[in-house]
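In: A structural model of the following input is requested.
(one chain, ligands or ions: 2)
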Amino acid sequence: MRDRPTLLPMASSSPPPVRPGLYRFQPPPLPTDYRPRPGLRNIRLHEVDLYVTMKCNIRCDFCSVRAGEYGHHDLPLDRIIRFIDEAVALGLEELHFLGGEPTIRDDLETMVHHASSKGVSTRIITNGMLLTRDRIARLRDLGLGEIMISVDGLRDRHTQLRRSGAHGWEKTLRTVEDAIALGLWTRVSATAYQRNYDDVVPLLRLVNDLGAHCFSVFLGSPLGRGHGMIDDVISPYQWRALQEAVRDEGAKLRPDLELVMEQGFQWADGPVVDRSTLKGRGTGCNTLLEDYDYLIVRSDGHLYQCVFFMTEGQPIGTIVDQPLEATLQYALERADYQPFTVANDKCCDCSHAGPCGTGCRGYAYLYKNDWLKTDPRCSKAEPRAEEAPPYFPLCPILKHNVRTGAFGGSSEQALRS
Ligand code: SF4
Ligand code: SF4
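Out: Ligands and ions are numbered 1, 2, ... in the order given. Have a look, this model is predicted:
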């Protein structure tokens with residue numbers, strides 16, 4: 001598929017050093033006398049990623065949120081239940097339980113049941129190692145809608161990347177099989193780096209044979225613990241080749257196997273990604289704080305709008321001891337993220353800033369220690385040039401339906417539009 005060394009590098013034995021800004025930011029406290037200013041538009045929530053714990057049974061080399069390295073207490077069950085009620089009142093439709101490893105919490109069933117009883121679509125995102133068949137059946141009976149299980153390759157590469165030990169891969173695959181057999185909508189998701197690049201297509205075949213409903217591939221970034229894998233990040237051309245390989249292989253497999261990948265880049269000779277027709281996460285920094293289509297709740301109650309801010313960026317608020325709606329209203333008024341919407345450097349002079357959206361502030365920070373620098377993935381040498389560069393960088397979270405070509409701010413939008 002591409003020109004690169006085929007030797008499998010050894011995983012480093014210790015996690016990458018913690019960067020100076022890690023966990024430094026505290027959420028702005030809600031003033032006790034806060035009243036939203038007249039005319040502030042209504043808050044609408046569509047989708048929430050609820051990190052129910054930052055504890056994890058394994059230590060993946062690329063964990064985007066550095067699970068296992070936090071000292072805080074997880075939100076208690078009663079606050080999570082009240083949060084769900086508050087979010088439902090604001091229109092919540094989709095709730096994802098993740099972490100860390102969400103199945104570590106034995107009150108996960110209560111959360112799932114409460115959300116599903118309110119008509120919210122639910123999903124757990126799990127490494128699948130701790131789930132028994134009985135527990136999967138129980139979760140299903142309590143209203144769990146979907147399960148998304150992380151598998152990053154065949155046995156050796158998955159085990160190395162995820163440090164999942166002897167038989168960890170087998171246990172994860174057994175969970176995939178159990179979930180499918182129990183009739184749960186099952187998605188297998190891989191994150192691709194140099195190390196497991198060659199495993200993605202064989203894994204796709206395996207997922208097809210297992211009977212899963214969906215296979216997704218994320219373009220691994222150097223986020224969180226993944227900062228130690230900065231040399232392992234796949235180049236734009238390699239990513240494009242992998243997208244094509246998945247598309248071509250997928251055409252030979254079960255047509256009902258849904259395929260979704262992160263898009264990564266807008267190619268000069270590729271289809272136009274019209275971000276104005278998309279919504280929610282994945283549409284780029286420009287939409288942060290324009291709405292709350294998507295919200296992240298970290299397990300200590302801190303709120304974010306993008307995973308790239310979760311370890312080293314500013315939370316927009318907290319729900320530990322503050323009501324959700326007023327906290328979101330106050331964040332709208334403070335607009336802490338607003339400066340992030342305009343990158344400096346080359347982007348200021350660039351004639352493609354509109355369609356490009358100025359790339360990703362998170363990538364700029366990870367590579368240049370400055371949120372406002374030009375995205376390091378930008379291929380444009382001369383910003384004033386009218387000619388389109390071979391590609392420009394998109395919000396890395398934007399998704400692409402491999403079978404239909406549809407784009408989406410989220411996988412669901414790409415798959416269902
Ligand atoms: S193409 Fe490059 S310079 Fe132009 S707006 Fe995008 S990231 Fe900035
Ligand atoms: S472009 Fe980057 S920082 Fe901006 S919303 Fe997307 S992932 Fe987050």
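In: ranges for the helices of the chain?
Out: 77-89, 108-117, 133-141, 155-162, 168-181, 200-210, 236-250, 324-334, 353-356, 361-368, 411-416 (DSSP state H).
In: got a list of what the closest residue to residue 316 other than its chain neighbours touches?
Out: Counting by C-beta to C-beta, 6 or more residues apart in numbering, residue 331 is the residue found nearest to residue 316 once chain neighbours are left out, at 4.0 Å. (C-beta placed from N, C-alpha, C; glycine too.) Contacts for residue 331 (C-beta atoms under 8 Å, 6 or more residues apart in numbering) come out as 28, 289, 303, 316-317.
In: ok, how many other residues are close to residue 350?
Out: 21 (other C-beta atoms under 10 Å).
In: same check on the one 5 residues further on?
Out: Here the count is done by other C-beta under 10 Å, and residue 355 has 15 residues near it.
In: between the helices of the chain, which gets nearest to ligand 2?
Out: Across the helices of the chain, ligand 2 has its closest neighbour in helix 361-368 (3.6 Å, C-beta to the nearest ligand atom).
In: can you tell me which of the contacts of residue 331 is nearest residue 327?
Out: For the contacts of residue 331, the closest approach to residue 327 (C-beta to C-beta) belongs to residue 317, at 3.9 Å.
In: look up the residues forming beta bridges with that closest one.
Out: residue 303 (DSSP bridges).
In: got a list of what it touches?
Out: 27-28, 30, 302-303, 327-328, 330-331.
In: and ligand 1, is the helix or strand of the chain with the lowest mean pLDDT touching that?
Out: The helix or strand of the chain with the lowest confidence, counting by mean pLDDT, DSSP states H and E, is helix 353-356 at a mean of 84. Yes - using C-beta under 6 Å from any ligand atom, we find that helix 353-356 touches ligand 1 at 353, 356.
In: what's the burial count for the residue nearest to residue 385 when sequence neighbours are not counted?
Out: Nearest non-adjacent residue to residue 385, counting by C-beta to C-beta, 6+ apart: residue 351, 7.2 Å away. Using other C-beta under 10 Å, residue 351 is surrounded by 15 other residues.
In: quick check: residue 351 touching residue 388?
Out: No - with contacts counted by C-beta atoms under 8 Å, residue 351 stays clear of residue 388, the gap being 9.0 Å.
In: quick check: the residue of the stretch 1-150 of the chain nearest ligand 2.
Out: residue 64 (10.6 Å).
In: please save the CA atoms from stretch 369-376 in CSV.
Out: The C-alpha trace of stretch 369-376 is given here as CSV (Å, rounded to 0.1, in the frame of the first residue of the first chain):
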residue,chain,number,x,y,z
ASN,A,369,3.0,24.5,21.6
ASP,A,370,0.7,27.3,20.4
TRP,A,371,-3.0,26.9,19.8
LEU,A,372,-3.0,29.7,17.3
LYS,A,373,-0.3,28.7,15.0
THR,A,374,-1.1,27.3,11.6
ASP,A,375,-2.0,23.6,11.6
PRO,A,376,1.3,21.7,11.0
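In: contacts for that stretch?
Out: 313, 339-340, 342-347, 358-365, 367-368, 393.
In: now with 6 Å?
Out: 340, 343-347, 359-361, 363-365, 367, 393 (C-beta atoms under 6 Å, 6 or more residues apart in numbering).
In: which of those are buried, as a ChimeraX select command?
Out: Filtering those down to the buried ones (16 or more other C-beta atoms under 10 Å) takes a single ChimeraX command:
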select :340,343,345,346,347,359,360,361,363,364,365,367,393
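In: from the contacts of stretch 369-376, which one has the minimum pLDDT?
Out: Ranked by pLDDT, the contacts of stretch 369-376 bottom out at residue 343, which has 66.
In: what's near enough to touch residue 207?
Out: Residue 207 neighbours (C-beta under 6 Å, 6+ apart): 188, 215.
In: quick check: the gap between it and residue 255.
Out: Applying C-beta to C-beta, to the nearest Å, the value for residue 207 to residue 255 is 14 Å.
In: which parts of this structure sit against ligand 1?
Out: 346-347, 350, 352-353, 356, 358-359, 374-375, 378, 380, 383, 389, 392-393.
In: swap in 5 Å and give it another go.
Out: Selection of the chain residues close to ligand 1 by C-beta under 5 Å from any ligand atom yields 346-347, 350, 352-353, 356, 358-359, 375, 378, 380, 383, 392.
In: in strands, which of those fall?
Out: residue 392 (DSSP state E).
In: would CSV of the residues of the chain next to ligand 1 with distance to residue 136 be doable?
Out: Listed next are these as CSV, based on distance: C-beta to C-beta, whole Å:
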residue, distance to residue 136
346, 49
347, 47
350, 49
352, 47
353, 47
356, 43
358, 43
359, 40
375, 40
378, 44
380, 48
383, 52
392, 42
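In: got the residues of the chain near ligand 2?
Out: Checking the chain against ligand 2 by C-beta under 5 Å from any ligand atom, the hits are 284-285, 306, 308, 360-362, 395, 397.
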